[in-house]
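Visitor: return a 3D structure for these sequence lines:
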Amino acid sequence: MIRVGLGYDVHAFVVGRDAPRPLVLAGVTIGDHAGLAGHSDADVVAHAVADALLGAAGLGDLGTLYPAEDDRWQDADSMLILRDVVARITAAGWSVGNVDVVVNAEQPKLNPHVGSMRANLGAALGTDAVSVKPKRGEGLDAVGRSEGVVVYAVVLLEGESLR
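Guide: Numbers count the residues shown, from 1 in each chain. Alright, predicted model coming up:
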């Protein structure tokens, strides 16, 4: 059996007195750029992938399982959350077939970080079938104005659900 999941997440860049917060994407800390606002470390890539996995497995969503109101997730490493999601889908009888991620950010330039992002995601997901594609907003909407980052993730799960 196979299932497909779609994940989406968006976070605004931190500005003002809350800065500087490190920018973390797929577990990669990208220096010299403002970080993203969020309850955890705001790793928008890890969040989108986790939501795609949860959706495909029928296990809920990130906000329900790891709510912002729960202090345990304050400044949490989102790659650890992603690993926990992988453990949940594995326990439910699924394995990751592949993952395709689009990271939409005007700034910073992400091409130099794609290899590390793919490696981190692959290690967390237990597969090397991971694609990370950086895109730009081309001056349009909030991404094009460099106000934040939007990520879309599609996952394929394989196996027999134990649920």
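Visitor: and after the helix or strand of the chain at the bottom of the mean pLDDT ranking, which helix or strand comes next?
Guide: Using mean pLDDT, DSSP states H and E, strand 28-34 stands out as the lowest-scoring helix or strand of the chain, at a mean of 90. Scanning forward in sequence from strand 28-34 by DSSP states H and E, the next helix or strand is helix 44-57.
Visitor: for that next one, name the packing helices and strands.
Guide: Applying 3 or more C-beta pairs under 8 Å, 6 or more residues apart in numbering; DSSP states H and E, one finds that helix 44-57 contacts strand 2-12, helix 62-65, helix 78-91, strand 94-104, helix 114-125, strand 148-159. To be clear about C-beta, it is placed using only N, CA and C from the backbone, and glycine gets the same treatment.
Visitor: can you show me the CA trace of that helix as PDB?
Guide: Extracted in PDB, the C-alpha atoms of helix 44-57 (Å, rounded to 0.1, in the frame of the first residue of the first chain):
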ATOM      1  CA  VAL A  44      10.000  25.600   8.500                       C
ATOM      2  CA  VAL A  45      11.400  22.700   6.400                       C
ATOM      3  CA  ALA A  46      11.300  20.200   9.200                       C
ATOM      4  CA  HIS A  47       7.700  21.300  10.000                       C
ATOM      5  CA  ALA A  48       6.400  20.900   6.400                       C
ATOM      6  CA  VAL A  49       8.000  17.500   6.100                       C
ATOM      7  CA  ALA A  50       6.600  16.400   9.400                       C
ATOM      8  CA  ASP A  51       3.100  17.500   8.500                       C
ATOM      9  CA  ALA A  52       3.300  15.700   5.200                       C
ATOM     10  CA  LEU A  53       4.300  12.500   7.000                       C
ATOM     11  CA  LEU A  54       1.600  12.800   9.600                       C
ATOM     12  CA  GLY A  55      -1.000  13.500   7.000                       C
ATOM     13  CA  ALA A  56       0.000  10.600   4.800                       C
ATOM     14  CA  ALA A  57      -0.100   8.200   7.800                       C
END
